[in-house]
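**Student:** Structure of the sequence below:
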Amino acid sequence: PKPPGDARTQPASLSIPSTGVVNLRVVPYEGTTDDWPGTRIQDRGVAASPYGDRGGVGPGEVGNYLVTAHRLSAGGPLRDLPALGVGDPVLVTWGGKVYEYRITEHRTTSFRSARSLAEQRAAVPGSPGRAATQAMITISTCATPEDNAAGNYWRDDRNNPEHRIDRVGVLTDVREATG
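**Tutor:** Have a look, this model is predicted:
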């Protein structure tokens, strides 16, 4: 049986075998990617998943399941996200099920571009206004080392660098969770 509530409002766990991430707790909150509530969650060393009018959907639901976590601070749970390649699996466990996504695309998001942020947060990543027809995931972390290396030291009020590294995937399998 599923836990009470819906997939958007219940914690899940994220595993990315190719980068060594195992059972990273994903805490949902009402909001949007990298706002203050999401940043406070990430500062605890876990991932954050926004939902609501400006956020995403829950695991396995049609639309964009958004997951963000720190790369360099709070234990750096997504330190190796840039190595996640097209075709690599991402596993989300919730409600007694494992949702397997496969990475299909690499994206970069700019905090200084409303269009770029809208593309990241869209129901179909990269296509604001387009209706979703499948379950997708966007996993996002900072591009601090890359921005710094390029001489871009801009930061927002939460100390986020200008760019985010995003990995986008589609749901390819759902199975019962074991053990």
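**Student:** What residue in the chain is the furthest from its centre?
**Tutor:** Centroid-distance maximum for the chain: G151 at 26.1 Å, with Cα atoms, centre = their mean.
**Student:** Checking it next. Helix, strand or coil?
**Tutor:** Using DSSP: H, G, I helix; E, B strand; the rest coil, the structure places G151 in coil.
**Student:** Tell me the spacing between it and P161.
**Tutor:** Using Cβ to Cβ, to the nearest Å, one gets 12 Å for the distance from G151 to P161. Quick note: C-beta positions are derived from backbone N, CA and C, even for glycine.
**Student:** any weak-confidence spans in this structure?
**Tutor:** 1-5, 179 (pLDDT under 70).
**Student:** Please enumerate the strands of it.
**Tutor:** Here the chain has its strands, by DSSP state E, at 12-16, 21-30, 47-51, 63-68, 89-94, 97-110, 135-142, 163-176.
**Student:** just the angle between the second one and strand 135-142, please?
**Tutor:** Between the direction of strand 21-30 and that of strand 135-142, the angle (axes from the mean of the first three to the mean of the last three Cα atoms, to 10 degrees) works out to 100 degrees.
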